[in-house]
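**Q** pasting a predicted model and its sequence here:
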Amino acid sequence: MLQTYDYTQEVVSQIFFHDRVKYREYCKHIFNEWNEEVKRTVLSDRLLVFEVSGGVVALVQFLGVPVPDMPFPKSNDIGNFQKNIRKKI
């Protein structure tokens, strides 16, 4: 598990953000630039720009599957995300 975390850190920190993850505005710029590149290069019928706040309907329509009978999961909120990362470290 730690090897996976280390590898992820290397890819995200060093390769994607050029070892500048402590610079919030720089990271936001790189992130937004990447998203725009994806939007420019992926065919529109193959790309869903998903907003979690919109719920599950757009996602299931895009995937062509029925709406589930259960509520949309919210298990990856910031508190749970941080707790899970701490467990993995």
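**A** Everything's here; your move. Numbers count the residues shown, from 1 in each chain.
**Q** so residue 68 is in which element?
**A** For residue 68, there is no host helix or strand (DSSP states H and E).
**Q** quick check: it vs residue 23, distance?
**A** 40 Å (C-beta to C-beta, to the nearest Å). Heads up, the C-betas are built off the backbone N, CA and C, glycines and all.
**Q** tell me which of these two has more neighbours.
**A** residue 23 (13 against 10; other C-beta atoms under 10 Å).
**Q** for stretch 54-70, measure first residue to last.
**A** 16 Å (C-alpha to C-alpha, to the nearest Å).
**Q** that should have said stretch 55-66, apologies.
**A** End to end - C-alpha to C-alpha - stretch 55-66 spans 14 Å.
**Q** over to stretch 14-21?
**A** OK, stretch 14-21 end separation, C-alpha to C-alpha: 8 Å.
**Q** ok now it, how far from the chain's centre?
**A** Distance, stretch centre to chain centre, for stretch 14-21: 16 Å (C-alpha atoms, centre = their mean, to the nearest Å).
**Q** contacts for it, please.
**A** If you take C-beta atoms under 8 Å, 6 or more residues apart in numbering as the criterion, stretch 14-21 is touched by 12, 13, 26, 27, 30, 34.
**Q** without its sequence neighbours, what residue ends up closest to the last one?
**A** Across the structure, with C-beta to C-beta, 6 or more residues apart in numbering as the measure, the residue nearest residue 34 apart from its sequence neighbours is residue 16 (7.7 Å).
**Q** quick check: phi and psi on that neighbour?
**A** For residue 16, the backbone dihedrals are phi -70, psi -50 (criterion: degrees, to the nearest 10).
**Q** so what pLDDT did it get?
**A** Here the pLDDT value assigned to residue 16 is 83.
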